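>>> Sequence and predicted model, in that order:
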Amino acid sequence: MKFLNSLQTAINGLKANKTRSALTMLGIIIGIASVIIMMSLGQGAQNLIIGQIISTGSNTIFIEPGSLDKTKSRGMMDMMEKFEIQTLKIKDAEAIQKDPNVEIAAPLTFGVSRVVYQSIDKRITYMGVTPNALEINNTYSVSGRLLTDTDVKITARVAVLGHKVKQDLFGDEDPLGKTIRIKKINFKIIGVAQEQGTQMFQNLDENIYIPITTAQKLLLGISHVRWITAKAINEEKVDEAVEGIRLILRETHNIYNPEGNLGKDDFKVMSQKETAEMLTIITNVLTIFLSSVAAIALLVGGIGIMNIMLVSVTERTREIGLRKAVGARKKDILEQFLIEAVILTVMGGLIGTIVGIIGSYLGCLIIKSVGIDWVFFISLPSIALAFGVAAITGLIFGIVPARKAANLSPIEALRYE
Amino acid sequence: MIEAHNLKKEYKMDGVKTIALNRVSFGIKEGEFVTIMGPSGSGKSTLMHIMGFLDRPSSGTYKFRDKNMSDLSNDELARLRNKKMGFVFQTFNLLARTTVLENVKLPLIYSGISMQKEKEMALKALESVGLSHRLEHLPNQLSGGEQQRVAIARAIVNHPSIIFADEPTGNLDSKSGQQIMGVLQNLNDQGHTIILVTHEKYTSEMAKRIIYLQDGKITSDEKVAHRRFATDGFTK
C-alpha cells in the first residue's frame, strides 16, 4: 500500500469521527502546551535571576557579616542575627581595598524611613554609601554632583536622589539645593542620579544616597555596615581576591584560622560567580520539576489516545476484516492505525505548541504587569522536545491498538457484530 | 483451478470441539458457476472461507491454481486474495461515510496501482454494474440492490479470476436479488469462475453445478439439469 493511500485512509478515518478526534487531541494539546509553558517560565526565571546578578558585574564580590557554619544555622533566627552582628566596619572596606587583587571596595548600609518634602510624605529606602559604591554601580549624576569623600568625612547632611525618587518628590521641579526631611533630619539635595533600573532585584532608582557616616550616626545610630561590595581587578583574579579578602578580614577581626575553616569566620565572602551558579542550580531544579509535572499531563494525553484508538479498533473490526479480505496485509493495517495515532498527536502537538507559545506570552504579560522585568522567551529546543515527545507518544500508544487491529483474523473480523 | 483433498476444519467453542468440515474433497475448473448449498451449520460458509483464502483448514490440502495453501504465508494469501479473488457478502460490507467510487477503489490501494489507473479501473467496474451515475454517493444513500452492485464492482475491479458470493441476495428483495444474479451470470459468461453460497433453491439453480453439504460432508455434487436465467424474469 502506498504511503499516500495510507495517509488518506487515516485522515478519512479521523474525519469520520471529528468530535472524538478533537477530544483525543485535547489531551495531547494540554500536555504539550504545559510542557512548553513550564519550560518557558523556568527559562525566563533563570534569565531574570542571572541577568540581575550579571548586572552587578561578573567580578563583583559580596562580603556579609555572619558565619558560613551550617551546624550553627537556625533559619530565621540566623537571618535576624546577621543584622545584629556588628563586626563589619568601614575600616574593613578600607583594608580590603589594599589587597592587590581588589580594585575597589565599598561599605554599605541602608534603612527605610519617612521622607518629607513640603506636603509629600513617602517611605523611601536610603542607602548609606561612599563614593566607591556609586563608582561600582557606574552611577553618575544627570544634574548636580555625586557624593564625595569629604561628604563622608564630615558627615554631611546631603543627598543624591535616585531617578524615580526625584520624580515622586519633585516632579518637574528642579530639586537642586532644596531640602528634604529624612527621619526628621534636614538633607540638602546635591544631585540626581541617572536612570539605573534594577540590580539584584532592587530598583536603584527608588533609592536616596547619603554619606554612609551620616546614615550610621544620624539615622541608624550604629557604627557597623550591612555589607561590603568589592570588585576584583579582573574576572580571572576573583578567586584570589576572595581568598585575599578572607585573610585580611581574619587579621582585622583577630580570628586565628590558619586552616581556613569558613565556619570559624564571622563574615561571608561570596563571588557573584558562585551566587549565579547556585541560583542556576535552583532554577534548573525548578524547571525540571515543573516540566515533569507537565510531562505527566502529556502521558495522560498519550493514554487517552491509546484508549480512543482501542475503542476505534473494536468499532471498526468489520472494516478491518473487509480490508484484509480484499488484500490488506498485516503491515497495511498496522500502518493505517499507527498513522492515525501519529496524526492525532502531531496535530495535537502543533496546536499545543501554538497554545503553549500564547500561554507563555500571556504569562509573561501577567508577570510584567506586577512590575518584574521579565523577558518573553521560547527556546527552539523546548518546542523540538515537545514535538518529539508528541510523535513518540503517538507511536508508543498507537502501537498497542494498531497491533490489535493488524492481528485480527479476517474471518473473525468479518463475522464481528 | 481448485483442488480440495480431505479438507477438515475443527473449531473449539467453549472447550467443545465442533467439526465444521469433515474430509471434503472436490475440484472446480476455470469458468464454472458452482453453488454450495446446505442448511445452516452445514459448513458451507467455512468451506467458502477456506476456498477464498480467508481461513486455513485444520488438515487436508487445498490448492488454488496449483499453489498449495499450506506453502503460503498470510501476506502471500492476502496478495492472492487481492489479485485473483473477489468477494461479495450478504451484508454488502461497504465502508460507511465513504463514497461509492472510493469503496470500489479499496482493493486497488493494496495492489500498488497508480492513482490514475485506480480511478480508470474503478469507473469501468462501476459502469459494468450500471452505477456510473452514483460515483459520489454514500452507501446509505443507495438502495440495498445498488449497494450490492457496488460490492460486486469492488469484487471485480482488480479483474479476479474467481468471485466468491456469500448469500449475495439474502438481504435483498426478490427483484433486486434477481438483478444481482443477472450480474453474476453475466460475469460468468465473460469467463469469471463464480462460487455462490446460498440456501435458496431458486437462486441455487442459476448456477451450473450444485454441491450439497450436510454436517460438514458433501452429500451430492451434480450439474443443474434445468438452469434458470435471471433475464427470464422472476418466477418463484
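Cool, got the structure.

>>> Show the pLDDT at the spatially closest residue to residue B:99 that is not a sequence neighbour.
Excluding the flanking residues, the one nearest residue B:99 by C-beta to C-beta, 6 or more residues apart in numbering or on different chains is residue B:136, at 5.2 Å. C-beta here means a position set from N, CA and C on the backbone, and glycine is covered the same way. Predicted confidence (pLDDT) for residue B:136: 93.

>>> What of residue B:147?
94.

>>> List the residues that contact it.
Going by C-beta atoms under 8 Å, 6 or more residues apart in numbering or on different chains, residue B:147 touches B:92, B:94, B:139.

>>> Would you mind pulling up the elements that the longest helix anywhere in chain A packs against?
Ordering each helix of chain A by length in residues (DSSP state H) puts helix A:272-315 first. If contacts are counted by 3 or more C-beta pairs under 8 Å, 6 or more residues apart in numbering or on different chains; DSSP states H and E, helix A:272-315 sits against helix A:18-54, strand A:60-65, helix A:330-369, helix A:380-406.

>>> Tabulate those in TSV, adding columns for mean pLDDT and distance to chain B.
Shown next, in TSV, are the helices and strands packed on helix A:272-315 (pLDDT from 0 to 100; distance: least, C-beta to the nearest C-beta, whole Å):
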stretch	mean pLDDT	distance to chain B
helix A:18-54	85	11
strand A:60-65	88	69
helix A:330-369	89	6
helix A:380-406	84	11
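
>>> Report whether the one helix or strand residue A:318 maps to contacts chain B.
Per DSSP states H and E, residue A:318 falls inside helix A:317-325. Yes - Helix A:317-325 reaches chain B (C-beta under 8 Å from any C-beta of the partner chain) through A:318, A:319, A:321, A:322, A:323, A:324, A:325.

>>> Nearest to chain A among the contacts of residue B:147?
Closest approach to chain A among the contacts of residue B:147 (C-beta to the nearest C-beta): residue B:94, at 8.5 Å.

>>> List the contacts of that closest one.
Residues in contact with residue B:94 (C-beta under 8 Å, 6+ apart) are B:103, B:139, B:147, B:150, B:151, B:154.

>>> can you put those in TSV and add secondary structure?
Shown next, in TSV, are those (DSSP: H, G, I helix; E, B strand; the rest coil):
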residue	secondary structure
B:103	helix
B:139	helix
B:147	helix
B:150	helix
B:151	helix
B:154	helix
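
>>> Selecting buried members of the residues you listed in PyMOL, what would you type?
To isolate the buried ones among the contacts of residue B:94 in PyMOL, judged by 16 or more other C-beta atoms under 10 Å in any protein chain shown, type:
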select buried, chain B and resi 103+139+147+150+151+154
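
>>> For stretch A:142-157, list every residue counted as buried.
Buried residues in stretch A:142-157 (16+ other C-beta under 10 Å): A:144, A:146, A:147, A:151, A:152, A:156, A:157.

>>> now it: mean pLDDT?
On average, stretch A:142-157 scores 90.

>>> Tell me the gap between that stretch and the middle of its chain.
Centre-to-centre, stretch A:142-157 and its host chain are 36 Å apart (C-alpha atoms, centre = their mean, to the nearest Å).

>>> Quote the end-to-end distance of it.
20 Å (C-alpha to C-alpha, to the nearest Å).

>>> who touches it?
Contacts of stretch A:142-157 (C-beta under 8 Å, 6+ apart): A:129-131, A:134, A:139-140, A:158, A:160, A:163, A:174, A:176, A:185-194, A:209-214, A:217-218.

>>> Buried ones among those residues?
Buried among these by 16+ other C-beta under 10 Å: A:129-131, A:134, A:139, A:158, A:160, A:163, A:176, A:187, A:189-193, A:209-214, A:218.

>>> circling back: can you narrow the contacts of stretch A:142-157 to ones near chain B?
Within the contacts of stretch A:142-157, nothing lies near chain B by C-beta under 8 Å from any C-beta.

>>> which ones among these are found in helices?
Those of those mapping onto helices are A:131, A:134, A:163, A:212, A:213, A:214, per DSSP H.

>>> which of those lies closest to residue A:24?
Of all these, residue A:163 has the smallest distance to residue A:24: 55.0 Å, by C-beta to C-beta.

>>> can you tell me which residues contact the residue nearest to residue A:294 when sequence neighbours are not counted?
Nearest residue to residue A:294, sequence neighbours excluded (C-beta to C-beta, 6+ apart): residue A:34, at 3.8 Å. With contact taken as C-beta under 8 Å, 6+ apart, residue A:34 is in contact with A:293, A:294, A:297, A:298, A:356.

>>> Dump these into JSON lines; add neighbour count as well.
As requested, these are exported to JSON lines (neighbours: other C-beta atoms under 10 Å in any protein chain shown):
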{"residue": "A:293", "neighbour count": "12"}
{"residue": "A:294", "neighbour count": "22"}
{"residue": "A:297", "neighbour count": "18"}
{"residue": "A:298", "neighbour count": "26"}
{"residue": "A:356", "neighbour count": "28"}
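
>>> nearest to residue A:118, of these?
Nearest member of these to residue A:118, counting by C-beta to C-beta, is residue A:356, at 51.8 Å.

>>> Which one of the residues in chain B is closest to chain A?
Counting by C-beta to the nearest C-beta, chain B gets nearest to chain A through residue B:82 (2.4 Å).

>>> by contact count, what packs against the host helix or strand of that residue?
Assigned by DSSP H and E, residue B:82 belongs to helix B:74-84. Judged by 3+ C-beta pairs under 8 Å, 6+ apart, the packing partners of helix B:74-84 are helix A:330-369.

>>> any idea of the angle the helix it packs on forms with helix A:317-325?
Relative orientation of helix A:330-369 and helix A:317-325, computed by axes from the mean of the first three to the mean of the last three C-alpha atoms, to 10 degrees: 130 degrees.

>>> what's the helix ranked longest in chain B in contact with?
In chain B, assigned by DSSP H, the helix with the most residues is helix B:174-189. If you take C-beta under 8 Å, 6+ apart as the criterion, helix B:174-189 is touched by B:31, B:33, B:129, B:143-145, B:148-149, B:152, B:156, B:163, B:165, B:168-169, B:172, B:194, B:196, B:203, B:206, B:208, B:229-231, B:234, B:236.

>>> so the residue of chain B closest to chain A sits right up against residue B:109, yeah?
No - using C-beta atoms under 8 Å, residue B:82 is not in contact with residue B:109, being 10.0 Å away.

>>> Right, I'll call it a day here.
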